[in-house]
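> sequence plus the predicted model coming up.
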Amino acid sequence: MSTDDKPDKAAPAAESAPSEPAAEQPAEEKPAAEQPAAEQPAAAAADAPRQPDLSEEVKEQFKKLEVVLRETAEKFRTQGIHPRVYAASMLEVGILALIHIGADDAKIREVVETLIARNRALRKG
């Protein structure tokens, strides 16, 4: 057998397939959570449980947090821990929490700068 009798290995596979018009492939469906609301099936939206108002939930979380922080700060004072020490410790806990939820360095700086600005304004006012 000569080299001319061998099929060309570099030939694309499409050349060996019968020629038929390409069937249109259906678009890959995204999970409902990734679809814009206009694209989500109406039945799924009607069956989904109503989500609580996150702003109200967040407000409740902050109310609880204020109590915990107030009690914690009082414990630091009664134990004679210097404000610089517990302030640095609490700041570290906050930064660790932001890292834990995936915040990048720029976002952490933004949060810290916002807190500085807000608290300086409260102190002046």
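Yep, it's here. Residues are numbered from 1 along each chain as shown.

> which helix or strand in the chain has the lowest average pLDDT?
The weakest-scoring helix or strand in the chain, judged by mean pLDDT, DSSP states H and E, is helix 13-16 (a mean of 40).

> show me which helix runs longest in this structure.
Using DSSP state H, we find that the single longest helix of the chain is helix 54-78.

> can you give me the helices for this protein?
For the chain, applying DSSP H gives helices covering 13-16, 42-47, 54-78, 83-100, 105-124.

> can you list those helices in a markdown table and add mean neighbour count?
(C-beta placed from N, C-alpha, C; glycine too.) Below are the helices of the chain laid out as a markdown table (neighbours: other Cβ atoms under 10 Å):
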| stretch | mean neighbour count |
| --- | --- |
| helix 13-16 | 7 |
| helix 42-47 | 8 |
| helix 54-78 | 11 |
| helix 83-100 | 12 |
| helix 105-124 | 10 |
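
> where among the ones you listed is the average confidence lowest?
The weakest mean pLDDT among the helices of the chain belongs to helix 13-16, with a mean of 40.

> tell me the spacing between the residue nearest to P83 when sequence neighbours are not counted and L65.
In space, and not counting its chain neighbours, P83 is closest to F76: 7.7 Å by Cβ to Cβ, 6 or more residues apart in numbering. To L65, F76 is 16 Å away according to Cβ to Cβ, to the nearest Å.
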